[in-house]
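Visitor: Need the 3D shape of this:
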Amino acid sequence: MVPSVNVVDHPLVLHKLTLMRRKDTSTASFRALLSEISMLLAYEATRDMKLREEIIETPISEMKGYAIDGKKVVLIAILRAGLGILDGMLALMPSARVGHVGLYRDPKTLEPVEYFFKVPQQLEDRSVLVCDPMLATGNSAVAAVTRIKQANPASIKLLCLLTCPEGIKTFHAAHPDVPIVTAAIDERLNDHGYIVPGLGDAGDRLFGTK
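Guide: Predicted coordinates for the structure are as follows:
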């Protein structure tokens, strides 16, 4: 299988991402922009959803319409920064089911450590969108998707705000079958595992903890 990366370079996405990157952007603005971009990314991430035909009546006449087919999508946020993407996704798909994977990155090894895992039961017939703003080293996303795959979901996509070549390589080495949907592929990682030029720590900027 050929690994897939879909870079959503819509003008609105690029504009809002630039605003988010600015170091003087406030916490409130950062939070709102992340939610707005998440909705735009969701349009691309859900482009291949299956539809069924449905006969309806408008105020004027009967017609053939379309409705999303199958069971509801499951949105799984990688804590904590993934919650910022989750808000925007739920605004677009309010009936989606939601799961959470709690991971933190060991500051010395940069490896993920799991502290929480709770997802909806019976994912076999459901499409899963995994939400995490930054695909940096790729280790946390690899660990989260590995755990989610144990539930045998119908399909998985990873939706992130930013990534870099190193993160993509690591993620697709482990999960070549999982497409990535992102707003931008940045230059590289620095020695501390941060994306360059990036936007800093997404969790700290989202929650104002730094």
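Visitor: Show the average pLDDT along stretch 50-66.
Guide: For stretch 50-66, mean pLDDT is 95.
Visitor: nope, stretch 192-202 is what I was after
Guide: Per-residue pLDDT over stretch 192-202 has a mean of 91.
Visitor: residues of it that come out buried?
Guide: 194-195, 198-202 (16 or more other CB atoms under 10 Å). Yep, even glycine has a C-beta here, placed from its N, CA and C like the rest.
Visitor: Nearest to I68, out of those residues: which one, please.
Guide: Ranked by distance to I68 (CB to CB), those are led by A202 at 29.5 Å.
Visitor: residues contacting that closest one?
Guide: Counting by CB atoms under 8 Å, 6 or more residues apart in numbering, A202 touches 34, 81, 84, 133-134, 161.
Visitor: Inside strands: which ones of the residues you listed?
Guide: 134, 161 (DSSP state E).
Visitor: Columns neighbour count, pLDDT and distance to P3 on top of the contacts of A202, output as CSV?
Guide: Output for the contacts of A202, formatted as CSV (neighbours: other CB atoms under 10 Å; pLDDT from 0 to 100; distance: CB to CB, whole Å):
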residue, neighbour count, pLDDT, distance to P3
L34, 24, 94, 25
A81, 24, 87, 23
G84, 26, 89, 25
P133, 29, 91, 20
M134, 27, 93, 19
L161, 28, 94, 19
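Visitor: Any chance of the contacts of A202 in JSON lines with distance to M93 as columns?
Guide: Converted to JSON lines, the contacts of A202 look like this (distance: CB to CB, whole Å):
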{"residue": "L34", "distance to M93": "17"}
{"residue": "A81", "distance to M93": "20"}
{"residue": "G84", "distance to M93": "16"}
{"residue": "P133", "distance to M93": "18"}
{"residue": "M134", "distance to M93": "22"}
{"residue": "L161", "distance to M93": "18"}
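Visitor: Could you single out the nearest of the contacts of A202 to E187?
Guide: Checking these one by one against E187 (CB to CB), the nearest turns out to be M134, at 14.0 Å.
Visitor: Not counting its neighbours along the chain, what's nearest the closest one?
Guide: Distances taken as CB to CB, 6 or more residues apart in numbering put A202 closest to M134, at 5.1 Å, once the chain neighbours are dropped.
Visitor: roughly how far apart are that neighbour and P133?
Guide: 4 Å (CB to CB, to the nearest Å).
Visitor: so what sits against both of the two?
Guide: Common contact partners of A202 and P133 (CB under 8 Å, 6+ apart): 34, 81, 84, 161.
Visitor: Just give the nearest non-adjacent residue to the last one, would you?
Guide: By the measure of CB to CB, 6+ apart, the closest residue to L161 outside its immediate chain neighbours is P133, 4.2 Å from it.
Visitor: what are the phi and psi angles of the one you found?
Guide: Here is the backbone geometry of P133 (degrees, to the nearest 10): phi -60, psi -40.
Visitor: Before I go, just wanted to say thanks for your time.
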